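>>> with the input below, show me the fold.
(2 chains)
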Amino acid sequence: MSAEFVQLSLVPLLIGTLAAMACAVPGNFLVLRRQALMGDAISHVVLPGIVAAFLITGRVSTWPMMLGAAGAAVVAVVIIELIRRIGRVEPGAAMGVTFTAMFAGGVLLLEQSDTSAVHLDVEHALYGNLESLVWLAADGWASLGDRAALADLPPELLRMGMAAALVLALTALFWRPLKIATFDEGFARSQGIPVRLLGFGLVVVAAIAAVAAFDAVGSIIVIAMFICPPAAARLMTNSLERQLGWSMVFAALAAILGYVLAGYGPGWIGSPHAVSASGMIATISGLILALACLFGPARSRLSAPSEP
Amino acid sequence: MTALIDALLLRNGYNAALVAIGAAVLGASAGATGTFLVLRKRALVSDAVSHATLPGICLAFIAMTALGGDGRNLAGLMLGSAATAGLGLVLVEWITRRTRLAEDAAIGAVLSVFFGFGVVLLTVIQNLPTGKQAGLQGFLLGSTAGMLYSEALLIAFGGALAAAAILVLRRPMTMVAFDPGYAATAGVPVRTVDLAMMGLVMAITVIGLKIVGLVLIVALLIIPAVAARFWTERSGHVAAIAAAIGGLSGYVGVALSASAPKLPTGPMVVLTCFALFVISLLMAPARGILARALRHRRFQIAVHRRQGLLALAHGEPVIEPLTLRILRRAGLIRADGVVTEAGRAQAAKALIDARRYEIARRMHHEEAIAGRLVGLEPIETVLTPDEIRVIDQRLGVPRSV
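Below is the predicted model:
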């Protein structure tokens, strides 16, 4: 059992948890700044970039895909800004125009190109292949000390770990200005904090987390983790520090519970087939949010009347 | 190419023609509804609604197969999808109302969680003995290949029904979209109209599942409305133009998709729509980029011409290269910079007009504020001969220049 666990489940569990936490951390600020749908938009627009990178290099390799995704994100930001300025429409509509069109372009590129040899298709883009990230060389917990076995770890683990570390480090580094700018932009500006630059940096960090997670686990987890754990955490406390802590706990909880339920849950009710781990993780995060909506100690607006 | 022309001319058989017409009607309904949605600033709520259809589709499939029927019955799948889409919509409203989370967080949460749960159900269905050929993946991005006659009929009929509902509701929806407060005082039941609007969005999502797919249907609601904004400033016209753009996208997109393999229907419809959007952005006469650039250029030339003529009238040298070029091209100065006979006459006229405008601005304050007396046009095109005569009396006798 334990050898099988290390071989088949340990790595997906770790990747899922890291991905969930890497997305949840910037998600806290996105939810507070009412930019929650940024994660949705980012995870749609990176698709054409990733496919284009694949078509140019002919391989599924990390850095070109990251670059392609980043390029697509920049193009999207420019188009959104252009439509907003020229068309004078609300940002939500400008975003809707851009990300749907770019996603459609990505799907068309994908269908037109011959990607049957590699694992790159629309389903993969939407819900990833967390279950397939197994560590074949492992034969038990002892493998964690075995160099040869460690070299065989799926590269997604290292990539996701690095992305999560980067996101955490940047958040810690810019904690004070980010916090001030999120709650009181005017005050932040008067203190000499470059508010616009900081906002842009936040989107870039979110994009890094999204692209790294997208590659490993698909876009549903990305969108769910940007929003559900931070939103649930927001209903638990009024302090941003504690909110961040809660959101990371919720993200990890959703990832672990979701993975375990998807992999082993069907077996408990007598079905031999596992279900989608990404989908289950998103579902669990939704259940956590639902519980927070019903029982969270800080769930209601304090004095504000309900909006019309 | 001939395949595309055949598809566009509805020569690919009765079914394909029905699908193309159904897609056109659906696109038109989506474009018109989307206009009100975008005006009401609720464009992305429809994204939550459309993603929330997935678990409903799967549950309907499971229920229908469990009851021994055909799991792929489109009417049943539509009914199921409408049920969870409605639940998603209610949850977005409930979260926004009852907790301190903003609407965007509620939208994102419902969208991702419902879709995630739908994916779980999809994998459950794949493992069912009957689920292998369920083909439910087609609902993600739309697929019209091999559509049954009854399904095409259902889609065309549903689209027509939605269009009829829009025609009936267009006045109250316009009022609510522009000014809910005024609409309420005018006796329009705002909440009911909002509900009806979201009901329409739901209906369009459900009807569009088979053609555009649930991931991209939101594009058909948003893009035509935003594109139509470039063509006109009037709300009624925006809805009509958006309907035309949406209808054209649905029709051409389905035809394109049918003309060759590996052209998925949903993305083709959306990309056609986006192409029309880009054309609108560039070419629309009211607010397009090209029209704006032309207007700006005309204004620039008029200003340079007037300033140049005034300089000539005062006997000052003209140095600015663009001004020189404009005056030279109009034959007002010669290549070496010497004023021509025509130039002298025009300069005198410009000087008098400038003085007349000065007085006119003092006499007609409101019009000066409204920007009619900027002074770039010859004054007789702006004021009547009588008005000019009054101004000239104040001006005194015109002097020769």
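>>> CA atoms for contacts and neighbours, from now on please.
Will do.
>>> around residue B:341, how many other residues sit close by?
Neighbourhood size, residue B:341 [other Cα atoms under 10 Å in any protein chain shown]: 12.
>>> what is the burial count for residue 106?
Let's take chain A. Neighbours of residue A:106 (other Cα under 10 Å): 23.
>>> nope, chain B please
Neighbour tally, residue B:106, other Cα under 10 Å: 27.
>>> over to residue B:5?
Other residues close to residue B:5 by other Cα under 10 Å number 14.
>>> read off the pLDDT value for residue B:134.
Among the per-residue scores, residue B:134 shows a pLDDT of 64.
>>> give me the element the residue in the stretch 201-350 of chain B positioned nearest to chain A is part of.
Proximity of the stretch 201-350 of chain B to chain A (Cα to the nearest Cα) peaks at residue B:267, 4.4 Å away. Using DSSP states H and E, residue B:267 falls within helix B:265-283.
>>> how about the helices in the stretch 1-150 of chain B?
Here the stretch 1-150 of chain B has its helices, by DSSP state H, counting those that start in this stretch, at B:2-8, B:14-39, B:45-51, B:53-66, B:74-98, B:103-126, B:138-141, B:149-178.
>>> so, low pLDDT: which residues of chain A?
By pLDDT under 70, the low-scoring segments of chain A are A:1, A:60, A:114-120, A:302-308.
>>> give the burial count for the nearest residue to residue B:37 once chain neighbours are set aside, as a bare number.
Spatially, and ignoring its direct neighbours in sequence, residue B:37 is nearest to residue B:43 (5.4 Å; Cα to Cα, 6 or more residues apart in numbering or on different chains). Neighbour count for residue B:43, taken as other Cα under 10 Å: 26.
>>> was I right about residue B:43 contacting residue A:91?
No - assessed by Cα atoms under 8 Å, residue B:43 is found out of contact with residue A:91, at 9.8 Å.
>>> with just CA atoms, put stretch B:284-291 into CSV.
Taking C-alpha atoms only, stretch B:284-291 is exported to CSV below (Å, rounded to 0.1, in the frame of the first residue of the first chain):
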residue,chain,number,x,y,z
ALA,B,284,-17.7,51.8,-38.1
PRO,B,285,-18.6,55.3,-39.2
ALA,B,286,-19.8,56.5,-35.8
ARG,B,287,-17.0,55.5,-33.4
GLY,B,288,-14.6,53.3,-35.3
ILE,B,289,-10.9,54.0,-35.3
LEU,B,290,-10.7,54.9,-39.0
ALA,B,291,-13.7,57.3,-38.8
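>>> average pLDDT for it?
On average, stretch B:284-291 scores 84.
>>> quick check: buried residues in that stretch?
Of the residues in stretch B:284-291, B:284, B:287, B:288, B:289, B:290, B:291 count as buried by neighbour count, 16 or more other Cα atoms under 10 Å in any protein chain shown.
>>> secondary structure and distance to residue B:64 added to those, as TSV?
What follows is the buried residues of stretch B:284-291, written out as TSV (DSSP: H, G, I helix; E, B strand; the rest coil; distance: Cα to Cα, whole Å):
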residue	secondary structure	distance to residue B:64
B:284	coil	49
B:287	coil	51
B:288	coil	50
B:289	helix	52
B:290	helix	55
B:291	helix	55
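>>> how about the nearest residue to the residue of the stretch 201-350 of chain B closest to chain A once chain neighbours are set aside, phi and psi?
Sequence neighbours aside, residue A:104 is the residue nearest to residue B:267 in space, at 4.4 Å (criterion: Cα to Cα, 6+ apart). Dihedral pair for residue A:104: phi -60, psi -40, per degrees, to the nearest 10.
>>> pretty sure residue A:104 is touching residue B:272, no?
No - the pair residue A:104 / residue B:272 is not scored as a contact, 10.2 Å apart, by Cα under 8 Å.
>>> so for those two, which residue has more residues nearby?
More crowded of residue A:104 and residue B:272, by other Cα under 10 Å: residue A:104, with 29 against 22.
>>> which ones are touching the residue lying closest to residue A:131 once chain neighbours are set aside?
Among residues not flanking residue A:131 along the chain, residue A:12 sits closest, at 6.3 Å (Cα to Cα, 6+ apart). Neighbouring residues of residue A:12 by Cα atoms under 8 Å, 6 or more residues apart in numbering or on different chains: A:130, A:131, A:132, A:133, A:134.
>>> TSV for the residues you listed, including distance to residue B:215 and neighbour count?
Below are the contacts of residue A:12 laid out as TSV (distance: Cα to Cα, whole Å; neighbours: other Cα atoms under 10 Å in any protein chain shown):
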residue	distance to residue B:215	neighbour count
A:130	21	23
A:131	24	22
A:132	25	13
A:133	26	22
A:134	30	19
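>>> average pLDDT for stretch B:4-18?
Stretch B:4-18 shows a mean pLDDT of 74.
>>> look up the closest residue to residue B:223, ignoring the ones flanking it.
Per Cα to Cα, 6+ apart, closest to residue B:223 is residue A:97, 5.3 Å.
>>> excluding its backbone neighbours, what's nearest residue A:144?
Ranked by Cα to Cα, 6+ apart and with sequence neighbours excluded, the top spatial neighbour of residue A:144 is residue A:150, at 6.6 Å.
>>> so what's the residue count around that neighbour?
Residue A:150 has 14 neighbours, counted by other Cα under 10 Å.
>>> same thing with the one 10 residues further on?
Neighbour count for residue A:160, taken as other Cα under 10 Å: 25.
>>> run through the residues that contact it.
Applying Cα under 8 Å, 6+ apart, the residues contacting residue A:160 are A:15, A:18, A:19, A:212, A:213, A:216.
>>> the second one contacts residue A:165, correct?
In other words, residue A:18. No - contact criterion Cα under 8 Å: residue A:18 and residue A:165 do not qualify, at 9.1 Å.
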